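Chemist: Any chance you can model this:
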Amino acid sequence: MKDVWNSLADPTRREILTLLQKKDLTAGEICANFNVSGATISHHLKILREAGLILAHKEKQTITYRLNTTVFQDFLKTIVQLFGQSQQEEENYETE
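Modeler: The predicted structure is shown next:
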């Protein structure tokens, strides 16, 4: 989960994930949405891939990226558990 947290800390990577929510995109299509170099976007994509947040499918010369919804589901379960425990502990503290 540490890689997921670190990946989500960057606003550019969060924007990439938002774009991929709508549809699968190539690196060029992703890059067209930013005012940064292709190398910078490639770096962000690498971090997102290593965290398991996106998947890459290569066909000939083209790589298409898509969200890895399984990792997002696991991440959200962790968030819910953390906040659920925190809320329960807070309620227990208030009743003491």
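Chemist: show me where this structure has helices.
Modeler: Residue ranges of the helices in the chain, as given by DSSP state H, are 2-8, 11-22, 27-31, 38-50, 69-95.
Chemist: Make TSV out of the ones you listed and add mean pLDDT.
Modeler: Shown next, in TSV, are the helices of the chain (pLDDT from 0 to 100):
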stretch	mean pLDDT
helix 2-8	82
helix 11-22	94
helix 27-31	96
helix 38-50	96
helix 69-95	69
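Chemist: For residue 60, which of those helices is the nearest?
Modeler: Between residue 60 and those, the tightest spacing by C-beta to C-beta is seen for helix 27-31, at 14.0 Å. Where C-beta positions appear, they are placed from N, C-alpha and C, glycine not excepted.
Chemist: And the contacts of that closest one?
Modeler: Contacts of helix 27-31 with the rest of the structure, by C-beta atoms under 8 Å, 6 or more residues apart in numbering, involve 16, 19-20, 38, 41-42, 45, 63, 65.
Chemist: quick one: it to chain centroid distance?
Modeler: Relative to the chain's own centre, helix 27-31 is displaced by 16 Å; criterion: C-alpha atoms, centre = their mean, to the nearest Å.
Chemist: Which positions within it qualify as buried?
Modeler: For helix 27-31, a neighbour-count test (16 or more other C-beta atoms under 10 Å) marks 27, 30-31 as buried.
Chemist: Same check on stretch 62-71?
Modeler: Of the residues in stretch 62-71, those buried by neighbour count under the rule 16+ other C-beta under 10 Å are 65, 67-68, 71.
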